[in-house]
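# Sequence isn't available, so here's the structure alone:
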């Protein structure tokens, strides 16, 4: 029986391709005699590791004891790294210690990588600290582990320690540590690291250059990022994507799109991350036709539909006003992440489709595959606010407070409740809610309440909130404007002048309103009373015609939207010069009958422009899509998707 067991063992350890001649068997009447050379322990270990049999490999390691050498330990550690097997890796490490084996630098580096892959940074750091000798790989592996897991301070501190040692950083060290140079302190250190890189003539290295431009872009220093990009002797898809993404993340969407076009002509090979960045830019521009082209291009190139790319498509279509396409992509996704759900929920929310938000949220809960996170609940509460479903929103918030979804409400969720109550006209209730919050109210939260006071003409609370905001963030022009508007709506022109004088004194400037419309893949930009457009005379002539035609159909200009102490005729003239009206009018004279009009504005649209757009839709039978910084308005036959609740 023992001989049969041994034979079985040999066949198990030897590869099937091993020559049968290695086994010499002789049979007698009642006895089996086995004559063979004992299997090579290294071959046994190799076979076990390659088959992923770590448990058996560890038994073999224990049996060999002091006979374990470099190659065997290396093989075992590589197998543990591949499978992210923390416990098994610990046993290998323990075996080294027990047998008093002194691993060379290479094996210690493998231990650092193993522990890092298993998210055991403390154990990885212990290995590094105990190393009698370190090389550049040792330092870089640990810095990379900190950087990839968001421990920027630890990564930078370790890099500084490395500089004080005898080991010189290489291009991979620099490329790794630059990703941790975030925040004010990190960015300043990053600039100093940039100087070191130049001294070592590594600034033209593709990995280092990509990390440098990414660092500058994330710090909002896009011009410096562009300089680094243009100075690279060669560019790969990573560096090209980093600069495009930098522009898109900063809201410089037109610049991102222009750069993508240029690099495409130069032969850039795009990947799914590149296209995701371009779709982000197109979302900001609400350029639906271009977005469809990018989508088609992705399909033609047969790129893998990674979740990141599908999420970007959902976001792009929803921000361009096509929620049908967004939902179609969402429904056909083989795998969804919480970001997928959030993108769809926020899409419905921005369109004021509160019921759809709540239904999708219920579906997410019923599927029970992905847990809602903080952003999910923000999207749901915001959807209830925009959709006029304050009671449902308050119930969901109460569930959050009671821990139903495992997400505790933070200041942003409280802000949604304030917005929800304020939009519903429950201004006093919102004010009392703020007083009872467990958080110190932020400027954004007070700003939401001030906006509600303006809409519902609550001068008493509005005045208190407005002056509170001027104390908290005196540099924010929006606070002065809303408080000024509140005073103007009640005819308190002396107070309006006081607020505007204060703005001048503090040198605070209001952001000018701008609107864009895309025609034939070209973006046309307008600002208030714009006289710079090549077809300005046609636009203003058509505007006068529309004003007369719409008045005959029942349009009455809302003069309360003009916040200047001037006569009614002058107020009406000012209203006609609003940028979104100019963009809509240009769209009417530049497109064929029944073609949809898509306008995007950098600020909130006013009530009068909203009414004007409804008449454009009703009289000319056009689908009108208006997107401002907060909401999306889809107007069909004179009826808006927002239900005039915005």
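Here it is on my side, so go on. Since we're looking at a predicted model, the values are computed, not measured.
# Check the gap between residue 602 and residue 454 for me.
Noted for residue 602: a distance of 19 Å to residue 454, by CB to CB, to the nearest Å. Yep, even glycine has a C-beta here, placed from its N, CA and C like the rest.
# nope, residue 149 is what I meant
45 Å.
# higher neighbour count, those two?
residue 454 (22 against 13; other CB atoms under 10 Å).
# The more buried one touches residue 461, doesn't it?
No. Using CB atoms under 8 Å, residue 454 makes no contact with residue 461, being 10.7 Å away.
# pLDDT of stretch 307-326, averaged?
Taken as a whole, stretch 307-326 has an average pLDDT of 93.
# do the same with stretch 548-567
On average, stretch 548-567 scores 74.
# What of stretch 599-615?
When pLDDT is averaged over stretch 599-615, the result is 89.
# Tell me the buried residues in that stretch?
599-601, 603-606, 608-615 (16 or more other CB atoms under 10 Å).
# Report the two of those residues separated the most.
When CB to CB is used, the two most widely separated members of the buried residues of stretch 599-615 are 603 and 615, lying 21.4 Å apart.
# Local confidence estimate at residue 640?
Among the per-residue scores, residue 640 holds a pLDDT of 89.
# Quick check: residue 177 touching residue 142?
No. Look at residue 177 against residue 142 with CB under 8 Å: they stay out of range, at 10.9 Å.
# ok, residue 533 to residue 459 distance?
Following CB to CB, the distance that separates residue 533 from residue 459 is 39 Å.
# okay, which residue is most central for this structure?
Nearest to the mean C-alpha position of the chain, by CA atoms, centre = their mean, lies residue 249 at 8.4 Å.
# which ones are touching that residue?
For residue 249, the set of contacting residues under the criterion of CB atoms under 8 Å, 6 or more residues apart in numbering consists of 217-218, 280.
# Among these, which one has the most neighbours?
residue 217 (24 neighbours).
# Out of the buried residues of stretch 599-615, which comes closest to residue 315?
Within the buried residues of stretch 599-615, the smallest distance to residue 315 is 14.8 Å, found for residue 600 (CB to CB).
# That closest one is in what secondary structure piece?
Following DSSP states H and E, one finds residue 600 within strand 597-601.
# try residue 360
Residue 360 belongs to helix 354-367 when assigned by DSSP H and E.
# contacting residues around the helix or strand that that helix is followed by?
Scanning forward in sequence from helix 354-367, with DSSP H and E defining helices and strands, the next element found is helix 374-386. The set of residues that contact helix 374-386 without belonging to it, under CB under 8 Å, 6+ apart, is 338, 341-342, 345-346, 348-350, 352-354, 356-358, 361, 364, 372, 389-390, 392-393, 396-397, 400, 405, 407, 409-410, 412-413, 416-417, 419-420, 423, 631, 642, 645-646.
# Centre of the chain to helix 374-386, how far?
Averaged C-alpha coordinates place helix 374-386 at 17 Å from its chain's average position (CA atoms, centre = their mean, to the nearest Å).
# mean confidence score for that helix?
If you average the per-residue pLDDT over helix 374-386, you get 93.
# what comes up buried for that helix?
Within helix 374-386, the residues that count as buried by 16+ other CB under 10 Å are 374-386.
# Show me which pair in those residues is furthest apart.
374 and 386 (18.6 Å).
# if we can go back for a sec, got the phi and psi for the residue nearest to the centre of the chain?
Per-residue torsions, residue 249: phi -70, psi -30 (degrees, to the nearest 10).
# And the pLDDT at it?
In this prediction, residue 249 carries a pLDDT score of 89.
# can you check residue 173 too?
Residue 173 is assigned a predicted lDDT (pLDDT) of 94.
# again with the one 5 residues further on
pLDDT for residue 178: 93.
# Sketch out the strands for the stretch 401-550 of the chain, chain order is fine.
All strands of the stretch 401-550 of the chain, identified by DSSP state E, counting those that start in this stretch, fall at 514-519, 522-527.
# Point out the most buried one among the ones you listed.
Burial among the strands of the stretch 401-550 of the chain, expressed as mean neighbours by mean count of other CB atoms under 10 Å, is greatest for strand 514-519, which shows a mean of 21.
# In terms of secondary structure, what does that one contact?
Judged by 3 or more CB pairs under 8 Å, 6 or more residues apart in numbering; DSSP states H and E, the packing partners of strand 514-519 are helix 288-301, strand 522-527, helix 579-590, strand 597-601.
# worst-scoring helix or strand of this protein, pLDDT-wise?
strand 24-27 (a mean of 37; mean pLDDT, DSSP states H and E).
# Low-confidence stretches in the stretch 401-550 of the chain?
Counting by pLDDT under 70, not a single residue of the stretch 401-550 of the chain qualifies.
# in it, which spans are helices?
Across the stretch 401-550 of the chain, reading from the start of the chain, the helices by DSSP state H, counting those that start in this stretch fall at 411-423, 427-435, 443-455, 459-472, 477-489, 493-505, 536-552.
# Quick one: list the elements packing against the longest one.
If I follow you right, that is helix 536-552. Counting by 3+ CB pairs under 8 Å, 6+ apart, the packing neighbours recorded for helix 536-552 are helix 568-576, helix 579-590, helix 607-620.
# could you redo the last one with a cut-off of 7 Å?
Using 3 or more CB pairs under 7 Å, 6 or more residues apart in numbering; DSSP states H and E, the elements in contact with helix 536-552 are helix 579-590.
# Pull out the buried residues from the helix it packs on.
579-588, 590.
# Over to stretch 257-270?
Across stretch 257-270, burial judged by 16+ other CB under 10 Å covers 257, 259-260, 263, 268, 270.
# Next step: those restricted to helices.
Judged by DSSP state H, the subset of these located in helices is 257, 259-260, 263.
# would you list those in CSV and tack on distance to residue 172 and pLDDT?
Rendered in CSV, the data for those read as follows (distance: CB to CB, whole Å; pLDDT from 0 to 100):
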residue, distance to residue 172, pLDDT
257, 33, 91
259, 27, 92
260, 28, 93
263, 25, 89
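# What is the nearest of those to residue 528?
Closest to residue 528 out of these is residue 257 (25.0 Å), distances taken as CB to CB.
# Not including adjacent chain positions, what is the nearest residue to that closest one?
In space, and not counting its chain neighbours, residue 257 is closest to residue 281: 5.1 Å by CB to CB, 6 or more residues apart in numbering.
# how's the chain carved up into domains?
Described in terms of the TED database, the domain architecture of the chain consists of the residue ranges 235-335, 515-640.
# Pick the most buried one from these.
Comparing those by mean neighbour count (mean count of other CB under 10 Å), domain 235-335 ranks first with a mean of 19.
# circling back to that earlier point, quick one: which of the buried residues of stretch 599-615 is nearest residue 624?
Looking at those and their distance to residue 624, the nearest is residue 613, at 5.0 Å (CB to CB).
# My guess is the closest one contacts residue 625. True?
No. Look at residue 613 against residue 625 with CB atoms under 7 Å: they stay out of range, at 9.3 Å.
# Could you count how many residues lie near residue 89?
Residue 89 has 26 nearby residues by other CB under 10 Å.
# tell me the SS of it?
Three-state secondary structure (criterion: DSSP: H, G, I helix; E, B strand; the rest coil) places residue 89 in helix.
# Residue 82 is in contact with that one, correct?
No. In this structure residue 89 lies outside contact range of residue 82 using CB under 7 Å: 10.8 Å.
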